[in-house]
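Q: sequence plus the predicted model coming up.
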Amino acid sequence: MICAIDATHDRNLRSWVESANTADTEFPIQNLPFGVFQRSGSSDAPRIGVAIGDQILDLAACCTLGLLAALPESLQVACAAPTLNALMAMGKTASFPLRHHLSQLLRTGQEPLAASQILIPRTDVQMQLPATIGDYTDFYASIFHATNVGKLFRPDNPLLPNYQHVPIAYHGRASSIVPSGTPIQRPSGQQKRPEDKAPNFGPSQMLDYELEVGCFVGMGNVLGEAIALTQAEDHLFGLCLVNDWSARDIQAWEYQPLGPFLGKSFATTISPWVVTMEALAPFRGSAFTRTSDAPETLPYLTDSVNQAQGGIALTLEVFLTSAQMRQAGIAPLCLSRSPFQQMYWTVAQMLTHHTSNGCNLRPGDLLASGTVSGADAGTQGCLLEITQRGKQLLTLPTGEVRSFLQTGDEITFRGYCDRQGYPRIGFGECRGQVIS
């Protein structure tokens, strides 16, 4: 069931945390995303927090002070855990009442006497991965990205025949998922250009980013038990931003016949805040509208509610700064702005297809959308598309040019949902700097 709009989304709500009431905040009281933090320089165990303005609400401290006493004991225990897995596993029967309770706790006029003991400035913490990620699956859900990339390699037949029938994906490497801000080392691997007689081994010269959206699994499913599309939303906890770093030269040589491997597994960066499906309720809309000549979607991937409300009005932005730009104090260059609502497959369809063979998903598993690219110029979600595999150089404000990423380049993703009648909510940043 898709979450409904309720009192927690009221545009008139204000918080006693004043920074949550400013027009430019990503984290107003209507958002309340979850993350895991550790005090900078502390050896204390990580804690679950909720972003509110420029502060973090410490849920473990709230439990200790009895501020969550109205909630079931099992939910309080999950809030005091060092990762979000236990909370995710409880599904919407936990995340829904917790959201409402926190919304009440943070509203103007509800400031507790112990306010100073439950808030921590976001500048005073180190964000961690929000969950223990057991498995990571990366989809290929943008038909525009698939077509653009296909044209580079198969100009006469860019879109493979199965694309409009089945959500394509590969199983990624969960162990190399890192939180925003983690430095990225350039991978080495086998490469073979068309003009080379034999492959060589060395550092990738075609390092790229991929703008993606990640979805954390909430409740899992039993091995052998598929999740119907009508039930898929009940198994989705929330969204984050994902940079699936890609070594295009390594990838091009190794991907046939089994698909991505070492060109992808060296690093994947995710944003630390998970925006819940409940928070996204005002920003739901229609799924991608297929053309009249598109093949009919199979019944297990078809549902009228998913078609009417399965889309999410999420705008994604990519920024690049080079070492020279930072030294000169030049603002980051916006490379693209992409609409997530134009994805060919919805997050619910991705989850349903993933379990259609009986594959068991577990709380904290991460599903990524694949590169988010739109139909228009300026919406391409990777350098492979923007530079046409290096043929059209990108010029930076310093006069530097790029075909792919160079040492010192920093890529930052940002995302926000914006709809008339509701406050804009943000996702924070997904950032990584290439250090070698």
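A: Perfect, I can see it now. Residues are numbered from 1 along each chain as shown.
Q: okay, and the helix or strand of this structure with the least pLDDT?
A: helix 143-153 (a mean of 93; mean pLDDT, DSSP states H and E).
Q: list the contacts of that one.
A: Contact with helix 143-153 is made by 140, 157-160, 163-164, 168, 288, 342, 344, 370-375, 379-382, 384-385, 388-389, as judged by C-beta atoms under 8 Å, 6 or more residues apart in numbering. Backbone N, C-alpha and C define where each C-beta goes, glycine included.
Q: now, of the residues you listed, which are buried?
A: For the contacts of helix 143-153, a burial check counting by 16 or more other C-beta atoms under 10 Å picks out 140, 163-164, 168, 288, 342, 344, 370-374, 379-382, 384-385, 389.
Q: now the helices for the stretch 301-436 of the chain?
A: 304-309, 323-328, 347-355, 383-386 (DSSP state H, counting those that start in this stretch).
Q: which residues touch Pro167?
A: Counting by C-beta under 8 Å, 6+ apart, Pro167 has contacts Phe139, Tyr140, Ala141, Leu301, Trp345, Gln349, Met350, His353, His354.
Q: where's it relative to Leu229, distance?
A: Using C-beta to C-beta, to the nearest Å, Pro167 is found at 12 Å from Leu229.
Q: common neighbours of the two, please.
A: Leu301, Gln349.
Q: name the element Lys197 belongs to?
A: Under the criterion of DSSP states H and E, Lys197 resides outside all helices and strands.
Q: kindly list the main-chain dihedrals of it?
A: Backbone torsions for Lys197, taken as degrees, to the nearest 10, come to phi -80, psi -30.
Q: burial measure for it, as a count.
A: 5 (other C-beta atoms under 10 Å).
Q: so which of the helices of the stretch 301-436 of the chain comes closest to Ala80?
A: helix 347-355 (28.2 Å; C-beta to C-beta).
Q: what's the closest one in contact with?
A: 137, 139, 141, 166-167, 169, 213, 215, 217, 221, 225-229, 232-233, 235-236, 239, 300-301, 303, 306, 310, 312, 345, 361, 367, 369.
Q: what are the buried residues along stretch 169-177?
A: Quick answer for stretch 169-177 (16+ other C-beta under 10 Å): Ala169, Tyr170, Gly172, Arg173, Ala174, Ile177.
Q: pLDDT on the longest helix belonging to the chain, on average?
A: When the chain is scanned for its longest helix (criterion: DSSP state H), the result is helix 92-106. For helix 92-106, mean pLDDT is 97.
Q: and the least confident helix or strand of the chain, which residues are buried?
A: Ile143, Phe144, His145, Ala146, Asn148, Val149, Gly150.
Q: cool, and stretch 45-60?
A: Buried-residue list, stretch 45-60, by 16+ other C-beta under 10 Å: 46-60.
Q: show me the shaky parts of the stretch 1-150 of the chain.
A: Counting by pLDDT under 70, not a single residue of the stretch 1-150 of the chain qualifies.
Q: can you give me the helices for it?
A: 59-64, 73-79, 85-89, 92-106, 115-118, 143-153.
Q: hmm, Pro179 and Arg431 touching each other?
A: No - applying C-beta atoms under 8 Å, one finds Arg431 not in contact with Pro179, separated by 9.6 Å.
Q: count of residues packed around the residue nearest to Ala328 when sequence neighbours are not counted?
A: Counting by C-beta to C-beta, 6 or more residues apart in numbering, Ala328 lies nearest to Thr398, which is 6.5 Å off, once chain neighbours are set aside. Look at Thr398: counted by other C-beta under 10 Å, it has 14 neighbours.
Q: cool, and the one 5 residues further on?
A: For Ser403, the neighbour count with other C-beta under 10 Å is 20.
Q: list the contacts of the residue lying closest to Asp135 once chain neighbours are set aside.
A: Spatially, and ignoring its direct neighbours in sequence, Asp135 is nearest to Asp365 (4.6 Å; C-beta to C-beta, 6+ apart). Contact analysis of Asp365 by C-beta under 8 Å, 6+ apart lists Ile133, Gly134, Asp135, Tyr136, Thr137, Phe216, Val217, Gly220.
Q: can we see that at 7 Å?
A: Neighbour list for Asp365: Ile133, Gly134, Asp135, Val217 [criterion: C-beta atoms under 7 Å, 6 or more residues apart in numbering].
Q: closest to Ala70 out of those?
A: Distances from Ala70 to those, taken by C-beta to C-beta, are shortest for Val217, at 27.5 Å.
Q: which residues touch that closest one?
A: Met88, His235, Phe237, Leu361, Arg362, Pro363, Gly364, Asp365, Leu367.
Q: switch to 6 Å and redo it
A: Contact analysis of Val217 by C-beta atoms under 6 Å, 6 or more residues apart in numbering lists Leu361, Asp365.
Q: show me the beta-bridge partners of it.
A: Note on Val217: beta-bridge partners Leu236, judged by DSSP bridges.
Q: so what's it scoring on pLDDT?
A: Reported pLDDT for Val217: 98.
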